[in-house]
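A.B. asks: take a look and give me a structure for this.
(chains A and B)
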Protein chains: 2
Amino acid sequence: MNNFTFWNPVRVHFGEGQIEKLKQEIPPGKKIMMLYGGGSIKNNGVYQQVVKALEGYSVVEFSGIEPNPHYETLMNGVEMARSEGVEYLLAVGGGSVIDGTKFVSVAIPFKGNDPWTILSEQAPTEEAIPFGTVLTLPATGSEMNMASVVTKAATKEKRGFMRPELYPQFSILDPTTTYSLPKTQIANGVVDAFVHTTEQYLTRPADAPLQDRFAESLLTTLIQEGPKALALPEDYAVRSNIMWCSTMALNGVIGAGVPQDWATHMIGHEITAEFGLAHGTTLAIVLPSTLRQMKSEKQAKLLQFAERVWNISEGTDSEKIDEAIDKTRGFFEAMGIKTKMSQYDIKPEAIDTMVERLEQKGFVALGENQSITLAKSRAIYEGCL
Amino acid sequence: MNNFTFWNPVRVHFGEGQIEKLKQEIPPGKKIMMLYGGGSIKNNGVYQQVVKALEGYSVVEFSGIEPNPHYETLMNGVEMARSEGVEYLLAVGGGSVIDGTKFVSVAIPFKGNDPWTILSEQAPTEEAIPFGTVLTLPATGSEMNMASVVTKAATKEKRGFMRPELYPQFSILDPTTTYSLPKTQIANGVVDAFVHTTEQYLTRPADAPLQDRFAESLLTTLIQEGPKALALPEDYAVRSNIMWCSTMALNGVIGAGVPQDWATHMIGHEITAEFGLAHGTTLAIVLPSTLRQMKSEKQAKLLQFAERVWNISEGTDSEKIDEAIDKTRGFFEAMGIKTKMSQYDIKPEAIDTMVERLEQKGFVALGENQSITLAKSRAIYEGCL
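C.D. replies: This next block holds a predicted model:
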């Protein structure tokens, strides 16, 4: 096991009816900015529950945060928060709203000239406006981690940043808020949680059997509950399990002390940046190709994945691994996500641009062994066609 | 899944060489009290490492905290800390030292007349002296939770308390500090972590498959690594895995949203109080008997335990469960712990006293269903003979 520091101070309130805990979490008298997306929370009743729970506070609203939140949009939120004297942020939505709120929280008090440098150059942020979240879309794990990803629409740059001040003060996870989600969003969320797990698990052995089994627990549970979540949208137990899996997949627990990959994410980000595909969809496209390309480096863990997660016991090691990769792709397809770029009209010519973007960002040696060169990234894209 | 709140703000530094992080964790200039046990840390070099890391601080020492720490002893520590103007506590040891330090941290500023009421009546504590830990014995999980158990030697009362101020500010887990532990302490620690897990897992189904699998991950890993920890005392990977399992078994992760039992702990505590047996040893004695007595209420989870943890696939459900309980007892025995009260010269007559003590404490309806009456507790003790 590698040395590690684990610290995650987020207070999670999980379950039906927990939105009313907002009052106990946000100090009285604070001026709040409520941030949300396109307004679906008004149709499913979440908006009304939040407004009710915030009675007595002064609240301004900032809506319109899009999927893969745009820097340009968020800077409007920063401006509004500054001019309104906002003291507390409340994200109500999925990972994009939460990631966007994280950026807003550090951009408001940012002293530098250009807040984009927080993302582009990892400029330090010394302060953050405190914030909490009401999660409505289980997927990214942003509700219980210190990461955020923001896209500059003007240049199609998708950039992430991580720092301790990005931990929410609290997050409220009420599975009933997910009942009205479109199937594609549930499917993308399940794939996102699945691939967050594989990024921390399908690497190389690290004498960390507990972390391995925790990761296998997540994958097995997602495989079991994912299709049920599509078939039974108002099954409380199923939605609870999906929601808790998504959070646990990226809150630091399974990644403590083990190597991490994240190449599939980086390679997928460029598909989103170029073609606007949902993040989860890009992962469903890229992961099988990454695993095939890296089959030899990842052999030991892929074999364990085949045997323990997919219960494959027949065939040579190589055959077992191939079958596991096929089954993984089959699982994504069963969730209703097409897993080939050509199915989204993405042509081979687009690969040059995406590889160039990786190069511009300095992503020339990705993966747990820094062995995914640009040539290998290209091969991974080619395997996605 | 049940509604829950999860919050665990402890910063864990895990791995060889992490003791030097003390300087980064304890604010400069703080007057520190270092608390430890019988002095084994002087023989294995941990004391020297800590002293070196604390160069530049003013440090007083309080040693002699015994296993199942005594209220009487700890009150001496409280007095010393008050008279010395101590501002920060550092526990260096196992669960007893850490539990004791937790009590000291809230007893120092306690305003009530009798600090024992913190334990006996759950008297509120509004303040706590901040504290951190250097763990040297993986077992109780105290290094990453908000619980503490203290014994009043005069009356043999063993009492626990839980509250958020009992979370350490940080805990340092260096597996090499465990190399010199006697085998019995490693064995008791492994059993302790195992039974912490079963208390949160062998209850009733709660539609929480992720928590179930996480618990099974812990049990499987402990079964696999436990005997290796005895055979290979200086195997870093093995000791790392035991240490991390012990922490994860009782830091709130696996217990979030599921019913919890804890009857085996309560029943075992009276064996320690009466006969001084190590905590882990009492759990190894009591658990098999609890599971046999509660076989019908716990049937569904016991069957899952048999199939998933012990890989038992033959026989009727009842036979599978019996075999799983036998294998569990066999595992404890293989760790070198005798699992029958008679092997410790505890006579049937002692049962009356222990049942009376349970009654005095109001423990008349234990277990996840509050169905373990005094008569059932008696039967559990009888099954331990």
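
A.B. asks: okay, CA-based contacts and neighbour counts for the rest of this
C.D. replies: OK.

A.B. asks: and A:His269, what element?
C.D. replies: Assessed by DSSP states H and E, A:His269 sits inside helix A:263-275.

A.B. asks: check which helices and strands that helix is in contact with.
C.D. replies: Applying 3 or more CA pairs under 8 Å, 6 or more residues apart in numbering or on different chains; DSSP states H and E, one finds that helix A:263-275 makes contact with strand A:157-162, helix A:279-293, helix A:350-360.

A.B. asks: A:Ser63 against A:Ile41, yeah?
C.D. replies: No: shown here, A:Ser63 and A:Ile41 do not form a contact pair, counting by CA atoms under 8 Å, at 10.6 Å.

A.B. asks: worst average pLDDT in the helices and strands packed on helix A:263-275?
C.D. replies: Ranked by mean pLDDT, the helices and strands packed on helix A:263-275 end with strand A:157-162 at the bottom, a mean of 91.

A.B. asks: who does it pair with, and is each partner parallel or antiparallel?
C.D. replies: strand A:147-152 (antiparallel) (DSSP bridges).

A.B. asks: quick one, domains of chain A?
C.D. replies: A:11-177, A:182-383 (automatic domain parsing).

A.B. asks: let me have the helices and strands packed on helix A:263-275 in CSV, extended by mean neighbour count.
C.D. replies: Listed next are the helices and strands packed on helix A:263-275 as CSV, based on neighbours: other CA atoms under 10 Å in any protein chain shown:
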stretch, mean neighbour count
strand A:157-162, 19
helix A:279-293, 25
helix A:350-360, 16
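
A.B. asks: how about CSV for those, with distance to B:Arg163 added?
C.D. replies: As requested, these are exported to CSV (distance: least, CA to CA, whole Å):
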stretch, distance to B:Arg163
strand A:157-162, 31
helix A:279-293, 40
helix A:350-360, 49
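
A.B. asks: now do the helices in the stretch 51-200 of chain A.
C.D. replies: A:71-84, A:95-107, A:116-120, A:183-201 (DSSP state H, counting those that start in this stretch).

A.B. asks: between the helices and strands packed on helix A:263-275, which gets nearest to B:Pro182?
C.D. replies: strand A:157-162 (42.2 Å; CA to CA).

A.B. asks: list the contacts of A:Leu54.
C.D. replies: A:22-23 (CA atoms under 8 Å, 6 or more residues apart in numbering or on different chains).

A.B. asks: the one 3 residues further on now?
C.D. replies: The contact partners of A:Tyr57, taken as CA under 8 Å, 6+ apart, are A:28-32.

A.B. asks: the residues you listed, buried ones only, as a ChimeraX selection?
C.D. replies: Entered in ChimeraX, the line below selects the buried ones among these, by 16 or more other CA atoms under 10 Å in any protein chain shown:
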select /A:30,31,32
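
A.B. asks: circling back to that earlier point, list the buried residues of the helix holding A:His269.
C.D. replies: So, applying 16+ other CA under 10 Å, buried residues of helix A:263-275: A:263-274.

A.B. asks: need those residues in CSV with pLDDT, can you?
C.D. replies: Below are the buried residues of helix A:263-275 laid out as CSV (pLDDT from 0 to 100):
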residue, pLDDT
A:Ala263, 98
A:Thr264, 98
A:His265, 97
A:Met266, 96
A:Ile267, 98
A:Gly268, 97
A:His269, 92
A:Glu270, 94
A:Ile271, 96
A:Thr272, 92
A:Ala273, 88
A:Glu274, 91
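
A.B. asks: between the residues you listed, which is nearest B:Pro259?
C.D. replies: Using CA to CA, A:His265 is the member of those that sits closest to B:Pro259, with 36.7 Å.

A.B. asks: is it true that that closest one touches A:Ile285?
C.D. replies: No: counting by CA under 8 Å, A:His265 sits too far from A:Ile285 to count as a contact (10.7 Å).

A.B. asks: for chain A, what's the longest helix?
C.D. replies: helix A:209-231 (DSSP state H).

A.B. asks: by how many degrees do that helix and helix B:209-231 diverge?
C.D. replies: 170 degrees (axes from the mean of the first three to the mean of the last three CA atoms, to 10 degrees).

A.B. asks: any idea how far the residue of the stretch 251-385 of chain A found nearest chain B lies from A:Pro205?
C.D. replies: Nearest to chain B, among the residues of the stretch 251-385 of chain A, is A:Gly257, at 8.2 Å (CA to the nearest CA). From A:Gly257 across to A:Pro205, the span is 11 Å (CA to CA, to the nearest Å).

A.B. asks: and for A:Val92?
C.D. replies: Counting by CA to CA - A:Val92 and A:Pro205 are separated by 39 Å.

A.B. asks: please identify which of these two sits among more neighbours.
C.D. replies: A:Val92 (26 against 17; other CA atoms under 10 Å in any protein chain shown).

A.B. asks: hmm, the more buried one is touching A:Leu137, no?
C.D. replies: No: at 9.7 Å, A:Val92 and A:Leu137 do not qualify as touching, with contact defined as CA under 8 Å.

A.B. asks: which parts of the stretch 201-350 of chain A sit against chain B?
C.D. replies: Within the stretch 201-350 of chain A, the positions lying close to chain B (CA under 8 Å from any CA of the partner chain) are A:207-210, A:213-214, A:217-218, A:221, A:237, A:240-241, A:245.

A.B. asks: among those residues, who's most crowded?
C.D. replies: Busiest of those [other CA under 10 Å] is A:Leu218, holding 29 neighbours.

A.B. asks: double-check that residue against B:Leu210; I have them as touching.
C.D. replies: Yes: counting by CA under 8 Å, a contact exists between A:Leu218 and B:Leu210, whose distance comes to 6.5 Å.

A.B. asks: list residues touching both of the two?
C.D. replies: Shared contacts of A:Leu218 and B:Leu210, counting by CA under 8 Å, 6+ apart, come down to A:Cys245.

A.B. asks: nearest to A:Ile98 among the contacts of A:Tyr57?
C.D. replies: Taking these together and measuring to A:Ile98 by CA to CA, the closest member is A:Ile32, at 15.0 Å.

A.B. asks: that closest one: what secondary structure?
C.D. replies: Secondary structure, DSSP: H, G, I helix; E, B strand; the rest coil: A:Ile32 is strand.

A.B. asks: verify the contact between it and A:Val86 for me.
C.D. replies: Yes: contact status for A:Ile32 versus A:Val86: in contact at 5.7 Å, counting by CA under 8 Å.

A.B. asks: hang on, the earlier thing: got the contact list for the residue of the stretch 251-385 of chain A closest to chain B?
C.D. replies: A:Gly257 touches A:1-4, A:208, counting by CA under 8 Å, 6+ apart.

A.B. asks: mind listing residues that contact the longest helix of chain A?
C.D. replies: A:183, A:186-187, A:190, A:194, A:197-198, A:200-201, A:235, A:238-239, A:241-242, A:245, A:249, A:253-256, A:258, A:305, A:308-309, A:331, A:334-335, B:209-210, B:213-214, B:217-218, B:221, B:241, B:245.

A.B. asks: what does the helix or strand following it rub up against?
C.D. replies: Later in the chain than helix A:209-231, the nearest helix or strand by DSSP H and E is helix A:236-249. With contact meaning CA under 8 Å, 6+ apart, helix A:236-249 is reached by A:15, A:137-144, A:173-176, A:178-179, A:189-190, A:192-194, A:196-197, A:215, A:218, A:221-222, A:225-226, A:228-229, A:232-233, A:254, B:1, B:207-210.
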